[in-house]
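Asker: here are the coordinates; sequence isn't available:
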């Protein structure tokens, strides 16, 4: 009897081994959930999350004020249609470029669309140059002032928008977020390591700009003729930057003298703003438009 039991046990073991040899274990990818742990996390989150007060925005209350209904009610100066500055902090270039486009039309009767990004490119270069010269004490950012265009025009001229777009093929909107981050990171490295080789730093900054915006032209064709950006400014646009002035109205500076507009975007510390009382500031703007001139504010 014992022999028979042993034989049966052996057969069962052998049978189990045969089954095990035939079986193939496997795993599958599944969207695993753990309701028990999810409930714990939910309870913790509900307890620790504080209800944030509703954010309010300050807006002017125009109740009872009669406002113009359309732009036709105003005297207008010719200007190109507004365009988007995309994801950039370069409003200064778009505003000032529009101003000079209106001036070109007033002076030459030509409707020319200028490249905002050509000026932005060289503005970044000049900011980096000053950053090196000031040993990192100069402000480096996307922002600037409208009168920066006068300095760019004087040093680099200008080009039509179709000659230099500052965008890659297929790109619909300007985006300087990553480009600026790379330049800013590099300049912080320069400052940290006291690496004040201006030529090397500017070459690196230009390489970054060229990678994202493309290299601006040294010469280009316009209406069948070849121009440098400086020639185009002088002979086609006929802009003389000495014909333009900057005014502001600040109580703390004292009136009727030139003063510094002390804001970060005035990175080159321009102190040629004529400071006037606010009545004269507004009056000058109104008189300029009435007389057929545009204004960049």
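Answerer: Right, received. Where do you want to start? Since this is a predicted model, take the numbers as computed values, not measurements.
Asker: any idea how far residue 37 is from residue 173?
Answerer: To residue 173, residue 37 is 43 Å away according to CB to CB, to the nearest Å. All C-beta atoms are positioned from the backbone trio N, CA, C, and that covers glycine.
Asker: In the record's domain split, what are the boundaries for this protein?
Answerer: Annotated domains of the chain cover 84-243, 245-297 [automatic domain parsing].
Asker: Where do the helices of the stretch 151-297 of the chain begin and end?
Answerer: Remark: helices assigned in the stretch 151-297 of the chain by DSSP state H, counting those that start in this stretch are 177-192, 198-213, 229-231, 278-290.
Asker: so of these, which one's packed in deepest?
Answerer: Neighbour counts (mean count of other CB atoms under 10 Å) averaged over each of these peak at helix 229-231, with a mean of 18.
Asker: Report all helices and strands that it contacts.
Answerer: Applying 3 or more CB pairs under 8 Å, 6 or more residues apart in numbering; DSSP states H and E, one finds that helix 229-231 contacts no other helix or strand.
Asker: contacts for it?
Answerer: Contact partners of helix 229-231, identified using CB atoms under 8 Å, 6 or more residues apart in numbering, comprise 118, 156, 157, 158, 159, 216, 217, 218, 220.
Asker: quick one: the third one and residue 232 touch, right?
Answerer: In other words, residue 157. Yes - using CB atoms under 8 Å, residue 157 is in contact with residue 232, at 5.9 Å.
Asker: residue contacts, the residue nearest to the spatial centre of the chain?
Answerer: By CA atoms, centre = their mean, the chain has its centre lying nearest to residue 88, at 1.5 Å. Each residue near residue 88 by CB under 8 Å, 6+ apart is listed here: 120, 142, 174, 175, 176.
Asker: my read: the fourth one touches residue 87, true?
Answerer: Yes - with contacts counted by CB under 8 Å, residue 175 reaches residue 87, the gap being 4.3 Å.
Asker: Neighbour count: the two, which is higher?
Answerer: When residue 175 and residue 87 are compared for neighbours, residue 175 comes out ahead with 14 against 11, by other CB atoms under 10 Å.
Asker: okay, the domains of the chain, which one's buried deepest?
Answerer: Highest mean neighbour count among the domains of the chain (mean count of other CB under 10 Å): domain 84-243, with a mean of 17.
Asker: what's the span of that one from first residue to last?
Answerer: 28 Å (CA to CA, to the nearest Å).
Asker: Same check on stretch 153-162?
Answerer: Its start and end residues considered, stretch 153-162 measures 18 Å (CA to CA).
Asker: as a whole number, average confidence for it?
Answerer: Mean per-residue pLDDT for stretch 153-162: 98.
Asker: Redo the contacts of residue 88 as JSON lines? Include distance to residue 197.
Answerer: Listed next are these as JSON lines, based on distance: CB to CB, whole Å:
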{"residue": "120", "distance to residue 197": "24"}
{"residue": "142", "distance to residue 197": "24"}
{"residue": "174", "distance to residue 197": "30"}
{"residue": "175", "distance to residue 197": "30"}
{"residue": "176", "distance to residue 197": "25"}
